[in-house]
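# predicted structure and sequence below. I'll ask about it afterward.
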Amino acid sequence: MSETPARRAHNPKAPSKQHKSALEWMKLALKEAHKAQTLGEVPVGALIVKDNKLVSKGFNLRESKNNPILHAELIAIQKAARKLKSWRLIDCDLYITLEPCLMCSGAIIQARIRHVYIATEDPKAGACCSLYQVFNDKRFNHQPTWETGLLKEESSLLLKTFFKNLRTKKKTRSHGPLK
């Protein structure tokens, strides 16, 4: 298991007491990703934690609900805002199994999330450290700290396996079963 995150942040002062349980929180986010996979969704899971307590969780529901904005992060953020009765999720941390896209990164900034733990980067759509680095943009009124690599191999393998199986299913459907 990959337990040591690759630390890349615009502010190297991550909340140390949260970091001690970061591995356990990311394991729970990975469980959420598995829930998404069982529904045929891209396996991404998210958790919001405050004061070392779980506030909310979510997993992708885009395909099941035919809704392009039902990403794991947005679901977790909406649930946390309702539970905490505030759109400002100050002192909250987000654990996410795949680097947030531009839409989700914007929501993270707007919600004032303190720190984002990212399991694996997304070279095709990531907006934190891959295609864009919006969390480091000083023009925004809030810049969450972030880091990548916690359970990277597990998250990456889950995603690769999901997409490999999806391609196999599509190929079988378009060409019929092999004889």
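Cool, the structure landed.
# centre of the chain to the lengthiest helix in the chain, how far?
In the chain, taking DSSP state H as the definition, the longest helix is helix 152-175. Helix 152-175 sits 19 Å away from the centroid of its parent chain (Cα atoms, centre = their mean, to the nearest Å).
# name the helices or strands packed onto it?
helix 22-38, strand 92-98, strand 115-120 (3 or more Cβ pairs under 8 Å, 6 or more residues apart in numbering; DSSP states H and E). The way it works is simple: take the backbone N, C-alpha and C, and place the C-beta from them, glycine included.
# which one of the ones you listed is the most hemmed in?
strand 92-98 (a mean of 29; mean count of other Cβ atoms under 10 Å).
# roughly how far is it from the heart of the chain?
What separates the centre of strand 92-98 from the centre of its chain is 5 Å, taken as Cα atoms, centre = their mean.
# helices or strands up against it?
Using 3+ Cβ pairs under 8 Å, 6+ apart: strand 92-98 touches helix 22-38, strand 45-50, helix 72-84, strand 115-120, helix 152-175.
# can you flag the weakest of the ones you listed by average pLDDT?
The weakest mean pLDDT among the helices and strands packed on strand 92-98 belongs to helix 152-175, with a mean of 89.
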